[in-house]
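>>> Would you be able to build a 3D model of this:
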Amino acid sequence: MDKSHSVQKVVDAVAEAFDRSKDRDSPDVPGAPGPVPPTGAEPTEPQEPLPPKADQSAPRAVSATGRTGAGDDVRAQDGGFLTTAQGRRVADGDHSLKAGPRGPVLLMDHHLREKITHFDHERIPERVVHARGAAAHGVFRGYGTALAVCRAAFLGEGVETPVFVRFSTVLGSRGSADTVRDTRGFATKFDTGEGVCDLVGNNIPVFFIQDAIKFPDVIHAGKPHPDREIPQAQSAHDTFWDFVSLHTEATHHTLWNMSDRGIPRSYRTMEGFGVHTFRLVNAEGASSLVKFHWKPKAGVHSLVWEEAQLINGTDPDFHRRDLADAIESGAFPQWELGIQVFPDTDDQTCYGIDLLDPTKLVPEELAPVQPIGLMTLTANPTNYFAETEQGAFHPGHLVPGIDVTDDPLLAGRLFSYLDTQITRLGGPNFAQIPVNRTHAPVNDMLRDGFHQDAVHPGVAPYKPNSLDGGCPFFAGASDGGYVEFPAPVVAAAKVREAPASFADHFSQPRLFWLSLTPTEQQHVVAAYTFELSKVYEQAIKERTLQVLANIDPRLCAEVAQGLGLPAPQRSGQLADVEPSPALSQLTGAAWPVEGRVVGIVVDPAGDLDRVREARDAVRAAGMTALLIGPTGAALADDVPVQRTFAATRSVEFDALVVLAAPAPGADDLGARDAKSAPPAAADSVDSRIALLVSEAYRHAKPLAGTGAALPVWVSAAIDYQAPGIVTTDDTSELVTALVRLLGAHRAWDRFPPAGAV
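Take a look at the predicted model:
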């Protein structure tokens, strides 16, 4: 079928469904906190609660047993008056009930006790891993191309399925920052007509361990040290590197983490992987083994390390803000779901690669990824706690046609996820929380327990029964019942061992290293050097260098040089591998720019018509334009300023357009703004703009400007003839060139790596 036509159909359908006609028009700049502008004074006339913003959605109104029919706002606050939890209107919420104005406070104040008690219990245990997350609602449309290998109905051609997706970091707490170097979670809940189907994966296709019994070890090693509870949300410390240097099956995942994949530009430009090998079964009962891939339509892009560090201080919510703002702006993130398909052979290998080993991947050149559907995220959650925090995923939530394999890491996850949800979400009925409710009818005979929302009729919650007429009945495969694939089990002794094929810990890390471009390799060297420089114990550094020597001598030598240590010799033969170009992010392809953020430097004394022209051209390209002025004052009624010189950094933007060379502002003073440089000549450029441009230049971001920008280029001490910099007075040509440069994400050729000249 015509894949591009199918993609466009989804885009058109989503755009048509996205209602921008609510109380407030969709802003040109996303981020407005409410659906209507506030008044200057506190409102005093009672009115109904405001509706959600146009970009927000909530879990579909489904009863605890899968019944539908109520409106989408059925769970929203109702009525214009403050009430207790039982609906009694409250006359005064500012004062406790006291014995006289000076007290004491009376125990009989039940509203005080209800309010404080509920507040005391607002927090639930955060996830042990993946605690910090962001989520969105959307739709998945199948291409029908998977039906040859999988009978799951939601993969049929044109079938639309609601989805809820949660992205996350692994190591940090809920209060940590977004752009730390870490693995990201990519969990998708498909609300299919056959029940919930969860694909719970990561942005890295391999994992640290081969067997789930080691999962507490790797997480304990990566978490903050238990004595000081530092460092938070990072792996640059002794316990992590102690573990991965001793447990060398972690080498492949560690190398991916040290690559640019560990610091993605956004969730929107991040790949997703199912990590494990799954089994698909078609309508005829034939079995195939597969690996799942999410391919972002915007391309796979990352931050540079200095940029990530600056963002963690400037905007620790960078990734969740980017996702929400993109959806609010109508730049809906999209991913194609694809599968690598392998024959279900007795040895379960492909080209000598053990498909049950979660520390290994199969290069796409050997097994191409076949697209089977498109996911588009179209709405932000209405309430973070109710949806993002309470969302519960489980790799065992499957539908007919999708089954598990004997991957020993997956086996442990099938137990662990369910066990975790029962504790974290207050009991066994977490599936009844609105965001987790299936859209298929439920008759499970499960009863009672904490937070039971269903009111079950009948007297016979057991099978077999006659008192309830025998209901519910079992469903065979022809009735849509889930029947596990009858995979043969080889006669064997009970052992605590791993297959011999699991013992190769270095050939695939070497494959990944050799598949990277010289620029990406330099980023890996820098990451290892930084991380190991934070390790206290010399023995751990030396042990890790030995691991690197077994991957590649140059990688080891360059990291050793940065640490001031001798490079050890490898302890065995280097693997003979063929590089896989598909593993590199820097493919040379041109990617869409929708949803990118462009900063435009302006001056009140500049040409306002040119400002309008540039701003409108950036927006017309599907990007967000933010004007950066010396103060927050609008340049004109129709030209508001969104950022000031004092309150912005280059890390907020994917590219900069410079339309003026503003003189130093009144607040360009070191005593007021530490970003300011020492006083310069009266006709110089504001030092904070020079810093803004200099940072963007160092981070290889595209820069564009008119002739008026020349003093800025000079003040920033950059080579304005370097790659990725455009200077022209033709505004249309300027924005066109910027779009072309952003299609490659960064101007990487601005800083050619050593040996690549």
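>>> going forward, measure contacts between C-alpha atoms and count neighbours the same way
Fine.
>>> Could you point out the longest strand of this structure?
strand 370-381 (DSSP state E).
>>> Output the contacting helices and strands for that strand.
Using 3 or more C-alpha pairs under 8 Å, 6 or more residues apart in numbering; DSSP states H and E as the contact test, the elements touching strand 370-381 are helix 3-17, strand 56-57, strand 133-142, helix 318-328, strand 334-343.
>>> what's next to the second one, contact-wise?
Looking back up the chat, that one is strand 56-57. Defining contact as C-alpha atoms under 8 Å, 6 or more residues apart in numbering, one finds that strand 56-57 is touched by 137, 328, 379-382.
>>> would you list every one of the strands in the stretch 401-550 of the chain?
Along the stretch 401-550 of the chain, the segments classed as strands by DSSP state E, counting those that start in this stretch run 402-403.
>>> same question, the stretch 551-700 of the chain
Remark: strands assigned in the stretch 551-700 of the chain by DSSP E, counting those that start in this stretch are 597-601, 624-629, 643-644, 655-658.
>>> quick one: which of the contacts of strand 56-57 is nearest to residue 549?
residue 137 (45.0 Å; C-alpha to C-alpha).
>>> tell me the contacts of the closest residue to that closest one other than its chain neighbours?
Excluding its sequence neighbours, the residue lying closest to residue 137 (C-alpha to C-alpha, 6 or more residues apart in numbering) is residue 164, at 4.6 Å. By C-alpha under 8 Å, 6+ apart, the contact list for residue 164 reads 135-138, 188-190.
>>> Could you say which of the strands of the stretch 551-700 of the chain is packed most deeply?
Between these, strand 655-658 has the highest mean count of neighbours, a mean of 27, where neighbours are mean count of other C-alpha atoms under 10 Å.
>>> Give the rounded mean pLDDT of that one.
Taken as a whole, strand 655-658 has a mean pLDDT of 98.
>>> residue ranges with poor pLDDT in this protein?
Along the chain, the parts satisfying pLDDT under 70 run over 1-27, 75, 679-683, 755-757.
>>> Name the SS class of the residue of it positioned farthest from its centre, please.
Distance to the chain centre peaks in the chain at residue 100, reaching 54.0 Å (criterion: C-alpha atoms, centre = their mean). Under DSSP: H, G, I helix; E, B strand; the rest coil, the three-state class of residue 100 is coil.
>>> Identify the residues contacting the longest strand of the chain?
By C-alpha under 8 Å, 6+ apart, strand 370-381 touches 7, 10-11, 14, 18, 55-58, 135-146, 155, 324, 327-328, 330, 332-340, 387-388.
>>> Give me the angle between that strand and strand 133-142.
Per axes from the mean of the first three to the mean of the last three C-alpha atoms, to 10 degrees, the angle that strand 370-381 makes with strand 133-142 is 130 degrees.
>>> Direction included, what does strand 370-381 pair against?
When pairs are called by DSSP bridges, strand 370-381 turns out to pair with strand 56-57 (parallel), strand 133-142 (antiparallel), strand 334-343 (antiparallel).
>>> by how many degrees do it and helix 318-328 diverge?
Using the same axes, to 10 degrees: strand 370-381 against helix 318-328 is 90 degrees.
>>> Can you verify residue 197 is assigned to a helix?
No: read with three-state DSSP, residue 197 is strand and lies in no helix.
>>> what residues are up against it?
Residue 197 makes contact with 189-191, 397-399, according to C-alpha under 8 Å, 6+ apart.
>>> Make JSON lines from those and add distance to residue 255 to it.
Output for the contacts of residue 197, formatted as JSON lines (distance: C-alpha to C-alpha, whole Å):
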{"residue": "189", "distance to residue 255": "29"}
{"residue": "190", "distance to residue 255": "31"}
{"residue": "191", "distance to residue 255": "35"}
{"residue": "397", "distance to residue 255": "31"}
{"residue": "398", "distance to residue 255": "31"}
{"residue": "399", "distance to residue 255": "34"}
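>>> picking up where we left off before, just the strands paired with strand 370-381: most buried one?
strand 133-142 (a mean of 24).
>>> What residue, apart from its backbone neighbours, is nearest residue 675 spatially?
Nearest residue to residue 675 in three dimensions, chain neighbours excluded: residue 688, at 6.0 Å (C-alpha to C-alpha, 6+ apart).
>>> Endpoints of stretch 616-631, how far apart?
End-to-end distance of stretch 616-631: 21 Å, with C-alpha to C-alpha, to the nearest Å as the criterion.
>>> no wait, stretch 316-336
End-to-end span of stretch 316-336 (C-alpha to C-alpha): 28 Å.
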